[in-house]
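S.K.: sequence first, then the predicted structure, then my questions.
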Amino acid sequence: MPSPLEDSDPREFAGYEVLSRLGEGGSGIVYEARDADGSRVALKVLHAELAESGDLRRRLALEAEALQRVRGDRIARVLAVDVDAPVPYIVMELVEGETLESMVRREPLKGAMLTGLAEGLLEALHDIHGAGIIHRDLKPSNIIYGAKGVKVVDFGVSSFEELATSTRTGVLMGTPAWLAPEQATGQTVSVAADVHNLGMVLAFAATGTHPYGQGRPDAMLFRIVHQEPSLEGLPSAIRPIVEACLRKDPAHRPSLYDLAHHLTGGSSGGAATSGSTRLDSRTRIGSTTSSLASPTSRRRARRRRLVAAATVLVLAALGAGGWFAVQELDAQGPLEIVYRDETDENPQLGEVVLEVTSGTSAPVVLRVAPDSSEDEVRSQSRWVLSEPLTVRYSPSSGQSDAYLETFDLRDFGMNALSRDGTVTIELVIDDDGASLEVRPSAVPGGSDGTPEEVFLARADEAEILRLAEEAEEERRAEEAARQAERDREVQAERQRQERELEATRRERLAEVRALRSSCTSSTQALWDVQFSMLYYVWDGYESARRSLITGGSFTPYQYQMTIYTLDGIMVDNYNAANSSLSETPGGSRINPAVNRLFDSAGDLIDAWRRLMDALSVPKNASGRYSDIYPSEHAAIDRARDALYSATSSLRDAVRQDAAADCARQYPDP
C-alpha cells in the first residue's frame, strides 16, 4: 500500500517524478513514480552506502541483462536497470490490484480460482526461470490480482536484493516464513526453491493458513527445515501438487513441466500407458520379475525385502496371450475392489484412500479413516476390456509410498472370451508395508489368473507420532524458557511504555493518513472510470469540431451539413453518457456537477442548431461566418466555455467527494 514521501525522499530521480513510497528493503527503497510520458512505474533505488561497491555494480550489470529478458503475461516486467548512475536503480511495471494475501484473508480460494492461480504461477515461474532468474521470494504479498488477472511481482527486486545483501556477511535473503529449507540453511539455491514456495503459496491460498503455522521468524525457519507441513483441509485435487512441492530435498521436487502436466490431468494428446508413473507416485521401479508363489509366501518374501530396501517397488508384469482376432473384440465383467487392514504394531495415522476408475465410468473410492473398526472394506464396479483401468493408492502418511498406475487388461491375457470373468483389485496393509494386487480370474479361453503385484514401502507411523510428540515437548520447553526471559524483562519494559505510547499514537496518525490518502486515490480513480463517458462529452465534442470544421471555406449549405454531422456526434455522446449513469456514485458535489454538465451540453447542442437554422436563410457570404452570424457564434462560444467549465467542475467534485468519503472512513484518531 503506498505511503506518503518522507522528508528525506527525493521528489525527482533520474528523470522520474517520485509520487509515493511502496516499500523498503535491505538494499533500497521502492517508490511509485511517473516517467516523462506520464506512465506510472515502480522505481527501486539502491541505498547510497551500497552504491559505493564496484563489485556490486559489476554483478548488477550482469543481472540486468537477464532481468530485462523476462517476458510474460503473468509477471511485472523489468523496464530498465541503470548500474552506472551515481545511485543504481531498477524500473519495473507498476501492477495495480489486490494481493493474494489480502484476498485469502477474506476467504480462501476454491475450484477454478485455485486452479487458475496454480496455472498462472506456473506460467510466471516458467518465464522467470527461462531467463535464468530465480525469484527466491515468492509469497502471497508478491502475487497481485489486477485487471489482467494474476501477476507475480518483485522477481527483479528480490534478485536485486540478494545481490546487494550478498555484500554483507550473515544476511539472510528472503522472508523467513516463505523460505525453502535450503535457503534457511544457507545451501545453494536453485529453481527448486521457487517450486517449494509455490507449494506453500497454494496451501495458503486453499486453506487460508500457512502450512507451517505462524510465529517468530526463528520458529518458522525451524519448522520449515525440520517439520512436515500441515495440509489439513487442502482439496484432494491439488494436494498431490502441494505435497510434491514441499519435499525437503530439492532434488526430489517436481519440475514445472511435471506440475503443469499433473494440473492438466496429464493430457498431452496421447493415451496413458500401463507403464506411466504420475506425479504423486513416490515409488521407484527396481526390477521386473515373474512370480507364481502363494499369497502367504509372497507376503513373507515381501517383508524380507522391505527390511533391506523399504522404498523399492517390484512389478510382476506377466505376458499377454490369445489370438489377435479375439483380442480385437470387446468384453466386460465384474470388478471387485478389496481393502484389508492387517496392521498390529504400526496403526495408521490418517485416512487411506483406494480409488479405482474403469474407463469413463465414475471412480470407485474406498476411504478408511484411522479410527475405523473395519478390517476389510469391499466395493464393486465393472471392467471393460477396451478401456484402461486406473488404480490410485494414497497412504495414511506422506512418508509412505503412494501409487498411481494405468493398466490394459489385455496385457494380462484377457480377451473377448474373458467376458463375465472377475477382476479383483486387492490392497493389503500390514506393519511392514502394503501389497496391491490386480488379479484377473482364470476363465476358459482367457486369462490364467496370474496377478500383477506391487510392493509399497510403509513408514513407521508409530515412530513418526513419537517423534512429533518429542518435537512438541521440545518446543514447549523452549517456549517456557523464552517466557521466563520475557518475565525478567517486564520491569525494564514498563519504564519505556510511556515513550512508546506517544510514539504509537504518532505512528497511528501517520498510518490513518496514509490509508486515507490511498483510499482517496483509489476511490477517485474508480469514480473517474465510472464517469469516463461524461468526461468524453467534452473531449468528443472538441475532437469532432476540430475534424469537421477545419477552417476552410464553406458554402452555407456545406456549413449546414457539417453542423448536422457534428450535431449527430454530440447527441450520441450525450446519450451514451446518460446511459452510463445507472450505477454511478452520488455525493453532495457530484450530483449537481453531473446535472450542470448535461445542461451545458444541451445548451451547446441547441446553440449549434440555432446556427444551422440561421444558415437556411443565407446572408451575404463574402466575409467570415462568425462576422455574418455574430450572435449565433457568440452563443456557441458561451455554451462551449460552459461545457468545459462543467467538465472541470465534475472532476473537482469527484476529487472532493472521494476525499470526503475517505475522511469519514479514516478519521484522525
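M.R.: Done, it's in. Residues are numbered from 1 along each chain as shown.
S.K.: hey, let's count contacts and neighbours off CA atoms from now on
M.R.: Fine.
S.K.: so which helix or strand takes in Ile664?
M.R.: For residue 664 the amino acid is Arg, not Ile. Taking DSSP states H and E as the definition, one finds Arg664 inside helix 630-665.
S.K.: buried ones in that helix?
M.R.: By 16 or more other CA atoms under 10 Å, the buried positions in helix 630-665 come out as 632-633, 635-636, 639-640, 642-651, 653-660, 662-663.
S.K.: one more: stretch 234-243?
M.R.: Burial within stretch 234-243, assessed by neighbour count using 16+ other CA under 10 Å, is assigned to 234, 238-243.
S.K.: may I have it exported as PDB, CA atoms only?
M.R.: The C-alpha trace of stretch 234-243 is given here as PDB (Å, rounded to 0.1, in the frame of the first residue of the first chain):
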ATOM      1  CA  LEU A 234      -6.400 -29.000   1.400                       C
ATOM      2  CA  PRO A 235      -8.600 -30.100  -1.500                       C
ATOM      3  CA  SER A 236      -7.700 -33.600  -2.800                       C
ATOM      4  CA  ALA A 237      -7.400 -32.200  -6.400                       C
ATOM      5  CA  ILE A 238      -4.400 -30.100  -5.500                       C
ATOM      6  CA  ARG A 239      -2.900 -31.900  -2.500                       C
ATOM      7  CA  PRO A 240      -0.500 -34.100  -4.600                       C
ATOM      8  CA  ILE A 241       1.000 -31.000  -6.200                       C
ATOM      9  CA  VAL A 242       1.500 -29.300  -2.800                       C
ATOM     10  CA  GLU A 243       2.900 -32.400  -1.200                       C
END
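S.K.: so for that stretch, mean pLDDT?
M.R.: Averaged across stretch 234-243, pLDDT comes to 92.
S.K.: list the contacts of Phe13.
M.R.: With CA atoms under 8 Å, 6 or more residues apart in numbering as the criterion, no residue contacts Phe13.
S.K.: now do it against Leu43, distance only.
M.R.: To Leu43, Phe13 is 9 Å away according to CA to CA, to the nearest Å.
S.K.: intersection of neighbour lists for the two?
M.R.: Common contact partners of Phe13 and Leu43 (CA under 8 Å, 6+ apart): none.
S.K.: just give the nearest non-adjacent residue to Ala369, would you?
M.R.: What sits nearest to Ala369 in space, not counting adjacent residues and going by CA to CA, 6 or more residues apart in numbering, is Glu351, at 4.5 Å.
S.K.: mind checking the SS state of the nearest residue to Arg11 once chain neighbours are set aside?
M.R.: Spatial nearest neighbour of Arg11, excluding adjacent residues (CA to CA, 6+ apart): Val18 at 4.9 Å. Three-state call for Val18 (DSSP: H, G, I helix; E, B strand; the rest coil): strand.
S.K.: the one 5 residues further on now?
M.R.: What three-state DSSP gives for Gly23 is strand.
S.K.: any stretches of the stretch 301-450 of the chain with poor pLDDT?
M.R.: Applying pLDDT under 70 to the stretch 301-450 of the chain flags residues 301-329, 360, 398-399, 416-417, 419, 442-450.
S.K.: what about the helices in it?
M.R.: Here the stretch 301-450 of the chain has its helices, by DSSP state H, counting those that start in this stretch, at 324-327.
S.K.: for Ile425, give its distance to Glu437.
M.R.: As judged by CA to CA, Ile425 and Glu437 stand 6 Å apart.
S.K.: more neighbours, those two?
M.R.: Using other CA atoms under 10 Å, the more surrounded residue of Ile425 and Glu437 is Ile425, with 22 against 19.
S.K.: just the pLDDT for the spatially most central residue of the chain.
M.R.: Geometric centre of the chain, nearest residue: Leu117, 3.7 Å, by CA atoms, centre = their mean. Per-residue confidence at Leu117 stands at 93 (pLDDT).
S.K.: please identify the helix or strand for it.
M.R.: Per DSSP H and E, Leu117 falls inside helix 111-130.
S.K.: what's that helix packed up against?
M.R.: strand 149-152, helix 191-207, helix 256-263 (3 or more CA pairs under 8 Å, 6 or more residues apart in numbering; DSSP states H and E).
S.K.: next one: whichever helix or strand comes after that helix to chain centre, how far?
M.R.: Sequence-wise, the next helix or strand downstream of helix 111-130 (DSSP H and E) is strand 143-146. Centroid separation for strand 143-146 versus its chain: 8 Å, with CA atoms, centre = their mean, to the nearest Å.
S.K.: each with direction, which strands does strand 143-146 pair with?
M.R.: Applying DSSP bridges to the sheet, strand 143-146 is found paired with strand 97-99 (antiparallel), strand 149-152 (antiparallel).
S.K.: quote the end-to-end distance of stretch 365-384.
M.R.: 18 Å.
S.K.: touching it from outside, list them.
M.R.: Residues outside stretch 365-384 that contact it (CA under 8 Å, 6+ apart): 330-342, 347-356, 358-359, 364, 389, 423.
S.K.: show me what counts as buried in it.
M.R.: Neighbour-count burial for stretch 365-384 flags 366, 368, 381-384 (criterion: 16+ other CA under 10 Å).
S.K.: just the strands from the stretch 351-500 of the chain, written as ranges.
M.R.: According to DSSP state E, counting those that start in this stretch, the stretch 351-500 of the chain carries its strands in the segments 352-358, 364-368, 376-384, 389-394, 403-407, 423-429, 433-440, 452-457.
S.K.: any chance of those strands in a markdown table, with distance to Met92 too?
M.R.: Formatted as a markdown table, the strands of the stretch 351-500 of the chain follow (distance: least, CA to CA, whole Å):
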| stretch | distance to Met92 |
| --- | --- |
| strand 352-358 | 47 |
| strand 364-368 | 49 |
| strand 376-384 | 57 |
| strand 389-394 | 44 |
| strand 403-407 | 44 |
| strand 423-429 | 55 |
| strand 433-440 | 53 |
| strand 452-457 | 50 |
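S.K.: which one, of the ones you listed, ends up nearest to Ile144?
M.R.: Ile144 lies closest, by CA to CA, to one member of those: strand 389-394, at 33.8 Å.
S.K.: what about that closest one, distance to the chain center?
M.R.: Centroid separation for strand 389-394 versus its chain: 29 Å, with CA atoms, centre = their mean.
S.K.: can you name every helix or strand that it contacts?
M.R.: Identification of packing neighbours for strand 389-394 by 3+ CA pairs under 8 Å, 6+ apart yields strand 352-358, strand 403-407.
S.K.: quick one, domains of this protein?
M.R.: Listed by automatic domain parsing, the domain ranges of the chain are 12-256, 271-459, 524-665.
S.K.: start to end distance for the last one?
M.R.: Okay, so that is domain 524-665. 14 Å.
S.K.: list of residues touching stretch 556-573?
M.R.: 533, 536-537, 540-541, 544-545, 548-549, 605, 608-609, 612, 615-616, 618, 621.
S.K.: if you could redo that for stretch 89-101, that was the one I meant.
M.R.: Contacts for stretch 89-101 (CA under 8 Å, 6+ apart): 32, 40-46, 76-83, 140-147, 151, 153, 157, 205.
S.K.: got a quick ChimeraX command for the buried subset of those residues?
M.R.: Command for ChimeraX that selects the buried part of the contacts of stretch 89-101, burial taken from 16+ other CA under 10 Å:
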select :32,40,41,42,43,44,45,46,76,77,78,79,80,81,82,83,140,143,144,145,151,153,157,205
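S.K.: what's the neighbour count on the residue nearest to Arg11?
M.R.: 22.
S.K.: can you check the one 10 residues further on too?
M.R.: Other residues within reach of Gly28, judged by other CA under 10 Å, total 20.
S.K.: Val81 versus the closest residue to it other than its chain neighbours, what's the distance?
M.R.: Leaving aside its chain neighbours, Gly28 sits nearest to Leu46 (4.3 Å; criterion: CA to CA, 6+ apart). Distance, Leu46 to Val81, using CA to CA: 11 Å.
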